[in-house]
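In: 3D model of this:
(one chain, ligands or ions: 1)
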Amino acid sequence: MKNQELVDYLVSCGVCTICQLRYLRARGTEYNDINQSFQRLGVKVPENQLRMDETNGISTDEQPFKKPRLSHCSTCLGIFSEDFQRELIEGIIASDFSKYDSEGIVLAITMPMSLQLRQLSMWFALQRKFGPTVHSNSPPDVPIKEAVKLILHPIICKKLDKKYDANGLMISIDLRHTVEEPEVDKLVELNRVAFPGKTLKRIEISRGLLEKQYQPSRVKAETYEKYLPIPPPAVEESLTLKSIDLQGPMVCVAGRYRKLSRELSHTPWLLQGVRQMEDSIEEIIIRSVGPHFTETVTKITFMSSGREDVDVRCLGKGRPFVLEIPNSRHSSLTKEQALAMEQAVDKSCKVSILNLQVVPREQAMHIKTGEEQKRKYYRALCALKEPATLEILQKLQIPESFDIQQKTPIRVLHRRPLHTRPRTIYSVKARLQRGNPLVLVIDIVTQAGTYIKELVHGEFGRTTPSFSSIIGKPIDIQALDVVGIDLDWPPEVDNSVSQ
Ligand SMILES: [Zn+2]
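Out: From the prediction side, this is the model:
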């Protein structure tokens, strides 16, 4: 089969120039300059054929007028025509596209099944026309899906002035054509005959099944032709855009928070569906940061490097946190915007945030890695039943590390399994609170996951040793602050200093 014969035949079947190149197995940039590619492939395309693909209707030719184009390509239904490209671009621009500032886009185009059926039909047609030079196992063309990537994607990116990026704004385009329904109905009938015993309902006919089962090696042309024509006929109606859906990229915003209140839960605290506290750290932060990025703030995930109890404050440099924001419209944050968000959170007087910044998605993992190995720094206010002695103070100066065995505290047994866990205490340093011999201020460095309240009072011997067992006297905890978390991330940024 010569290239010229192939093209002449395709032209007679109403196949567009792009699809002709597909059947000539053109690759990559060969679709950019159609004339040049035809020349290189030794094909002379009839004049009127090239003009037929023009869409502006203006011809510099001497011919007095040009026949308007009446039909669309029989194999691609016009998906590669300039008219359709224009419609696609206009459709995208008319969507919420401009609300997203993502520099990259990724396209997901769902095509009518008719397109696949028509490739098969043309495959049969070429076999009939050119005999065994056309294989039964490998398609004679560059698949439409691949050609769409090669041709349409770069054009759309260029027109929209965006880069192609798999992590960018996802534009999902659903295309329909009026021939799809009758053709798929026929396919269901055909399927009963071609693959008896595997009766499928219409809904079960999938693109995957078409790709896998519908090849000349598995279905006979004679059977196919009883239901659908060979070669595929050109169509008069064009493809239509059923819908364009936009899904912004996942953006991660990190920072550190300080918890200033002893009456604030980490996340919304519900008991049997009833709210126990009016607010939470998660809600205060999301309320101030979320709306800039998305309309659906309920989809935001809040993560932090550990957490503290309701009545525990977190001071010092604060605790690292990350917000995972799906379908985000913005992928960056200026220092001014970040500062405004930090100030909005600070206004709550319960939480304060700093170092707020957009971080690469891969880095968001930092927050959970090595959590067990991390050191935690606490300051505990502890009460004795009788005034502190020098001996008590000396016993609670422990510069070297020691291990404790800690049973799951009774207060968390309803949500954690009962285990005895070994935990390392790295150092203990107690001093008297000024003016009150009954109160000690104790700085403690522990392995993450240590229950501090139980470390202090021992919980009836469920934690051993405990401060109580070490000094041989009862001691209880009155207040606890987290003063440092051993995670040097995210990087420090001062949003109050302009760039
Ligand atoms: Zn075509």
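
In: ok, now which ones touch the nearest residue to Glu30 once chain neighbours are set aside?
Out: Among residues not flanking Glu30 along the chain, Ser37 sits closest, at 4.5 Å (C-beta to C-beta, 6 or more residues apart in numbering). (Glycine included, C-beta is placed from N, CA and C.) Contacts for Ser37 (C-beta atoms under 8 Å, 6 or more residues apart in numbering) come out as 21, 24, 26, 30-31.

In: Close to the ion: what parts of the stretch 51-200 of the chain are there?
Out: 73, 76 (C-beta under 5 Å from the ion).

In: What segments of the stretch 51-200 of the chain are helices?
Out: Ranges of helices in the stretch 51-200 of the chain, per DSSP state H, counting those that start in this stretch, are 82-94, 113-130, 144-147, 153-160, 180-194.

In: Regarding the residue nearest to Glu30, what is its secondary structure?
Out: In three-state terms, and counting by DSSP: H, G, I helix; E, B strand; the rest coil, Ser37 is helix.

In: Likewise for Val322?
Out: strand.

In: And for it, the neighbour number?
Out: Neighbour count for Val322, taken as other C-beta atoms under 10 Å: 24.

In: quick one: pLDDT of it?
Out: You'll see Val322 listed with a pLDDT of 96.

In: swap in Met52?
Out: For Met52, the model assigns a pLDDT of 48.

In: about what we covered before: out of the contacts of Ser37, who has the most neighbours?
Out: Busiest of the contacts of Ser37 [other C-beta under 10 Å] is Leu21, holding 25 neighbours.

In: How about the contacts made by that residue?
Out: Applying C-beta under 8 Å, 6+ apart, we find Leu21 in contact with 30-31, 34, 37-38.

In: how does it look with 7 Å?
Out: By C-beta atoms under 7 Å, 6 or more residues apart in numbering, Leu21 lies in contact with 30-31, 34, 37.

In: For those residues, work out which two are farthest apart.
Out: For the contacts of Leu21, the farthest-apart pair by C-beta to C-beta is Glu30 and Ile34; their separation is 8.6 Å.

In: how about low-confidence regions in this protein?
Out: Scanning the chain for pLDDT under 70 picks out 1, 46-70, 198-204, 370, 372, 498-499.

In: Now do the contacts for the residue nearest the centre of it.
Out: Taking C-alpha atoms, centre = their mean as the criterion, Met250 is the residue nearest the geometric centre of the chain, at 4.9 Å. Residues near Met250 by C-beta under 7 Å, 6+ apart: 324-326, 328, 361.

In: need those residues in a markdown table with distance to the ion, can you?
Out: Converted to a markdown table, those look like this (distance: C-beta to the ion, whole Å):
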| residue | distance to the ion |
| --- | --- |
| Glu324 | 42 |
| Ile325 | 40 |
| Pro326 | 36 |
| Ser328 | 37 |
| Arg361 | 38 |
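
In: Among those residues, which one sits closest to Ala194?
Out: Among those, Pro326 lies closest to Ala194 (C-beta to C-beta), at 42.5 Å.

In: Count the neighbours of that closest one for me.
Out: The tally of other residues near Pro326 (other C-beta under 10 Å) stands at 15.

In: That one contacts Lys299, doesn't it?
Out: Yes: under the criterion of C-beta atoms under 7 Å, Pro326 makes contact with Lys299 at 5.3 Å.

In: Show me the protein divided up by domain.
Out: Per automatic domain parsing, the domain ranges recorded for the chain read 74-247, 251-369, 372-485.

In: which stretch among those domains comes nearest Lys44?
Out: Closest among the domains of the chain, using C-beta to C-beta: domain 74-247, at 18.8 Å.

In: now the end-to-end length of the closest one.
Out: Taking C-alpha to C-alpha, to the nearest Å, domain 74-247 runs 32 Å from one end to the other.

In: circling back: what about burial for the contacts of Met250, which qualify?
Out: Buried by 16 or more other C-beta atoms under 10 Å: 324-325, 328, out of the contacts of Met250.

In: Who are the contact partners of Ile18?
Out: Residues near Ile18 by C-beta under 7 Å, 6+ apart: 31, 80, 151.

In: Quick check: which element contains the closest residue to the second one other than its chain neighbours?
Out: Just to be clear, that refers to Phe80. Spatially, and ignoring its direct neighbours in sequence, Phe80 is nearest to Ile18 (3.9 Å; C-beta to C-beta, 6+ apart). In the assignment (DSSP states H and E), Ile18 maps to helix 17-23.

In: gap between that helix and the chain center?
Out: Remark: helix 17-23 is offset 35 Å from the chain centroid, using C-alpha atoms, centre = their mean, to the nearest Å.

In: now the nearest residue to Gly461 once chain neighbours are set aside, what's its secondary structure?
Out: Leaving aside its chain neighbours, Gly461 sits nearest to Ser469 (7.7 Å; criterion: C-beta to C-beta, 6+ apart). The three-state label given to Ser469 by three-state DSSP is helix.

In: How about Asn327?
Out: Taken by three-state DSSP, the conformation at Asn327 corresponds to coil.

In: Look up how far Pro249 lies from it.
Out: Distance of Asn327 to Pro249, computed by C-beta to C-beta, to the nearest Å: 8 Å.

In: mind listing what the spatially closest residue to Pro229 that is not a sequence neighbour touches?
Out: Spatial nearest neighbour of Pro229, excluding adjacent residues (C-beta to C-beta, 6+ apart): Ser121 at 6.8 Å. Counting by C-beta under 7 Å, 6+ apart, Ser121 makes contact with 228-232.

In: Can I get those residues in JSON lines including neighbour count and distance to the ion?
Out: Shown next, in JSON lines, are the contacts of Ser121 (neighbours: other C-beta atoms under 10 Å; distance: C-beta to the ion, whole Å):
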{"residue": "Leu228", "neighbour count": "20", "distance to the ion": "18"}
{"residue": "Pro229", "neighbour count": "15", "distance to the ion": "17"}
{"residue": "Ile230", "neighbour count": "18", "distance to the ion": "17"}
{"residue": "Pro231", "neighbour count": "22", "distance to the ion": "13"}
{"residue": "Pro232", "neighbour count": "26", "distance to the ion": "11"}
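
In: May I see those arranged in CSV, with secondary structure as well?
Out: Converted to CSV, the contacts of Ser121 look like this (three-state DSSP):
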residue, secondary structure
Leu228, coil
Pro229, coil
Ile230, coil
Pro231, coil
Pro232, coil
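
In: between those residues, which is nearest Pro140?
Out: Nearest to Pro140 among these is Pro231, at 12.3 Å by C-beta to C-beta.

In: my read: the closest one touches Gln127, true?
Out: No: taking C-beta under 7 Å as the definition, Pro231 is not a contact partner of Gln127, at 10.8 Å.

In: any common contacting residues for those two?
Out: Common contact partners of Pro231 and Gln127 (C-beta under 7 Å, 6+ apart): none.

In: quick one, what contacts Leu396?
Out: When contacts are counted by C-beta under 7 Å, 6+ apart, Leu396 touches 428, 430, 442, 467, 470-471.

In: So Pro139 sits against Trp123, correct?
Out: Yes: with contact defined as C-beta under 7 Å, Pro139 counts as touching Trp123 (6.2 Å).

In: Show me which of those two is the more surrounded one.
Out: When neighbours are counted by other C-beta under 10 Å, Pro139 and Trp123 differ, and Trp123 comes out ahead with 25 against 19.

In: number of nearby residues for the residue in the stretch 251-400 of the chain that the ion sits nearest to?
Out: Here the stretch 251-400 of the chain gets closest to the ion at one residue, Asn327, 34.0 Å apart by C-beta to the ion. Asn327: 19 surrounding residues under other C-beta under 10 Å.

In: Look up phi and psi at the spatially closest residue to it that is not a sequence neighbour.
Out: Excluding its sequence neighbours, the residue lying closest to Asn327 (C-beta to C-beta, 6+ apart) is Gly248, at 4.5 Å. Gly248 adopts backbone torsions of phi -70, psi 160, taken as degrees, to the nearest 10.
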